[in-house]
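Chemist: Here is the input, now give the coordinates:
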Amino acid sequence: MDKSAYPYHGGRLRWHSSLAKLTFWSFVFIGVIFIFFYRSPSSSSSSSAAAATSSSSRGGPAWEKKVRTSARIRSRNGFSVLVTGAAGFVGTHVSSALKRRGDGVLGLDNFNDYYDPTLKRARQALLERAGVFIVEGDINDAALLKKLFEVVPFTHVMHLAAQAGVRYAMQNPGSYVHSNIAGFVSLLEVYMAYFFFTKDILNGKSIPIFEGENHGTVARDFTYIDDIVKGCLGALDTAQKSTGSGGKKKGPAQLRVFNLGNTSPIPVTNLVTILERLLKVKAKRNVMKLPRNGDVQFTHANISLAHRELGYKPTTNLQTGLKKFVRWYLNYYSAAGKKADAR
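Modeler: Purely as a prediction, here's the structure:
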């Protein structure tokens, strides 16, 4: 598992009125987890070799067998969970954590190219070796969703599919409406500054270092992936029933929203300095004004509700997380380069 890839997510503190700003704020939220409490044991059969599913083979007996096998509950009090955005960074780690503890897990992802598709495919292969099948499809495909719920009586949905990137929202608003509004976004993969910084530092390219008004420091509430996963699983485990036997509604859904973060905003310049030390390469810094396009100068997660209801408490600092990330980055791209040279 790419344990240290993209290890941090930034917290956000305030609501914004515009669509782009609202999207930016939603980056650090765990969305609503829909709970289906009519649960029956899913039928099982021996697992066959996992492979990516194309739309042409979707819905056949072999495809349904893979879906049922992946979603099969293997622990006494486990859940059967549909994870959207399963090939994304957070989705991969959440899916893996659920599977390890005995829950049935089925992934859904459209494998778009906003982030490196080869990395997503590598995650897909790792998850499928662990017994998690990822259906390739869009969360706005009503027919596909209907089919999945016919094949598997899911107890929960962990909705992590969304279009990421604050600046991208300003240039491609239609993509955000499609993925984050029509798709009912719950958790976004934030813009991964450390990933692109590492790549450009190693390639000798200049990296943008933004500053606020009057040369003010730009700081982010970087949070390690393991802490985010704990928060996601905590929200799943503490959700209360809103339906009874046979799916009969007995009360309103909980509709809880949690802010996850590290509560310790760190200047982006500090992050670059740590990367320089770990990579043993001096970065070419290009200092520029922070654009007024939805970005904010300072972010700070308020985790009081998550701490109170989930026992959420981040434990990994930036130095430790970046050390793991750099180790993964160098190993992964070194191996990828060797494979490309061998072709």
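
Chemist: C-alpha only now, for contacts and for neighbours.
Modeler: Fine.

Chemist: Could you check how far the residue nearest to T315 when sequence neighbours are not counted is from L260?
Modeler: Among residues not flanking T315 along the chain, D227 sits closest, at 6.9 Å (C-alpha to C-alpha, 6 or more residues apart in numbering). Distance of D227 to L260, computed by C-alpha to C-alpha, to the nearest Å: 8 Å.

Chemist: ok, those two, which is more surrounded?
Modeler: Using other C-alpha atoms under 10 Å, the more surrounded residue of D227 and L260 is L260, with 33 against 20.

Chemist: wait, doesn't the more buried one sit right on K230?
Modeler: No - between L260 and K230 there is no contact under C-alpha atoms under 8 Å: 9.9 Å.

Chemist: For L82, give me its contacts.
Modeler: Neighbour list for L82: A71, V105, L106, G107, L108, F154, H156, V157, M158, H159 [criterion: C-alpha atoms under 8 Å, 6 or more residues apart in numbering].

Chemist: That one pairs with what?
Modeler: L82 has these beta-bridge partners by DSSP bridges: L106, V157.

Chemist: Check what pLDDT it gets.
Modeler: If you check L82, the pLDDT there is 94.

Chemist: Next, the contact list for the residue nearest to T315, please.
Modeler: K313, P314, T315, T316.

Chemist: what's the first one sitting at in phi/psi?
Modeler: This points to K313. For K313, the backbone dihedrals (degrees, to the nearest 10) come out as phi -150, psi 110.

Chemist: Let me see the confidence value for it.
Modeler: pLDDT, K313: 94.

Chemist: Would you agree it is in contact with S304?
Modeler: No - with contacts counted by C-alpha under 8 Å, K313 stays clear of S304, the gap being 9.6 Å.

Chemist: Between these two, which has more neighbouring residues?
Modeler: The neighbour count for K313 versus S304, taken as other C-alpha under 10 Å, is higher for K313 (19 against 16).

Chemist: OK, contacts around the more buried one?
Modeler: Applying C-alpha under 8 Å, 6+ apart, the residues contacting K313 are D227, H307.
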